[in-house]
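Asks: Below: sequence and its predicted model.
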Amino acid sequence: MNLSHFPGSMQDTPFTFLGLPDPEGGLGEARVCILPIPYESTTTYRGGTRSGPAAIVDASRYVETYDEETLCDLADIPILTLPGVSPLLGAAEAMSERIRDVAREVVSPDRLLISLGGEHAITAPLVEAHLEKFGHLTVVHLDAHADLRESYEGSRMSHASVIKRVAEHTDVLSVGVRSISSEEMHWLRNQQRVRVIFAHEIRSDQSLLERALGELRGNVYLTIDVDVLDPGVMPGVGTPEPGGLSYDQVVHVIKRLTKGCSIVGADLVELAPVPGNVVSEFTAARIVAKIVAYTKKPAWRSVRDGKTQ
């Protein structure tokens, strides 16, 4: 049980993911590492993503560690909350190298690295670090935006170009997109590396997403831009787009991936907290907790039918 729910207990709760104490053995004992990356340099429209990682960690301290679906208590999993990666503003290449270097020290087949942004530009160096360790993997990208511009506002390292950079190294399945430029659509139609399942296609035919996820095999890196969720569920984003996915749909994608693939790394990005409204960071914390529950519980049972899933 997460004691942070009880009055007067928060002063004794560590500022770590789920309020859990770091494992005594540190990185060597950890099976999950949470890496805050409060980097915000190329964000457009509404800012605030630099505050996202701390807001998610803070909200997570109020989330129950017991997952009622998987019957897994996350308090039984050694979860290490790492120090945040100090941002280098105005130095995109150097920041990417810094993120890559930190990730290289953490990424391992024995533990799952989940990074918290910050803006979406952090994903490219994280994917590169995972590719170095695991070889081939597929990136599953949940986002309202395609992020396939060659450059944006003069930067090839922009959050609006991140999936274009990732696609230079590996295959990508993008899910939930509902905002794309003509430039991006033209490029998309003339290549084989990135597949996009648009939000309107999911609304018309849910089986399209099921088939695409079912075709995936092997290692997967999961990147979730929280604006993939509908703004009614996730108001705390820089560029809200109506017609987004529900919380249950996003969680289902995570669950489905763990049945046919191995999620070897993940990030959750672009949370821009709304003052006085904690629903966004709490929802984000719950999604991260679900990633941990699904990936670190080898076999889990449905509460409803008692059958191993």
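Replies: Thanks, I have it.

Asks: Residue 262: what secondary structure?
Replies: Assigned with DSSP: H, G, I helix; E, B strand; the rest coil, residue 262 falls in the strand class.

Asks: per-residue confidence for the residue nearest the centre of the chain?
Replies: What sits nearest the mean C-alpha location of the chain, by Cα atoms, centre = their mean, is residue 268, with 2.6 Å. Note on residue 268: pLDDT of 98.

Asks: was I right about it contacting residue 226?
Replies: Yes. Counting by Cβ atoms under 8 Å, residue 268 does reach residue 226; the two are 6.5 Å apart. Backbone N, C-alpha and C define where each C-beta goes, glycine included.

Asks: Now the common contact residues for the two.
Replies: Both residue 268 and residue 226 are contacted by 284, 287, under the criterion Cβ atoms under 8 Å, 6 or more residues apart in numbering.

Asks: any idea how far residue 114 is from the closest residue to the residue nearest to the centre of the chain other than its chain neighbours?
Replies: Nearest residue to residue 268, sequence neighbours excluded (Cβ to Cβ, 6 or more residues apart in numbering): residue 224, at 4.8 Å. Residue 224 is 10 Å from residue 114, where distance means Cβ to Cβ, to the nearest Å.

Asks: Residue 270 too?
Replies: 15 Å.

Asks: Tell me what the residue nearest to the centre of the chain is bridged to.
Replies: Beta bridges link residue 268 to residue 116, residue 224 when assigned by DSSP bridges.

Asks: List the contacts of it.
Replies: Contacts of residue 268 (Cβ under 8 Å, 6+ apart): 56, 114, 115, 116, 117, 224, 226, 284, 287, 288.

Asks: what's the closest of those residues to residue 252?
Replies: residue 287 (11.6 Å; Cβ to Cβ).

Asks: OK, contacts around the closest one?
Replies: Residue 287 neighbours (Cβ under 8 Å, 6+ apart): 224, 226, 247, 250, 251, 254, 268.

Asks: How is it assigned, secondary-structure-wise?
Replies: Residue 287 ends up helix, using three-state DSSP.

Asks: thinking again about what came up before, looking at residue 224 and residue 114, which is more packed in?
Replies: residue 224 (29 against 21; other Cβ atoms under 10 Å).

Asks: how close does the more buried one sit to residue 64?
Replies: From residue 224 to residue 64 the distance is 21 Å (Cβ to Cβ).

Asks: now residue 118
Replies: Taking Cβ to Cβ, one finds residue 118 at 26 Å from residue 64.
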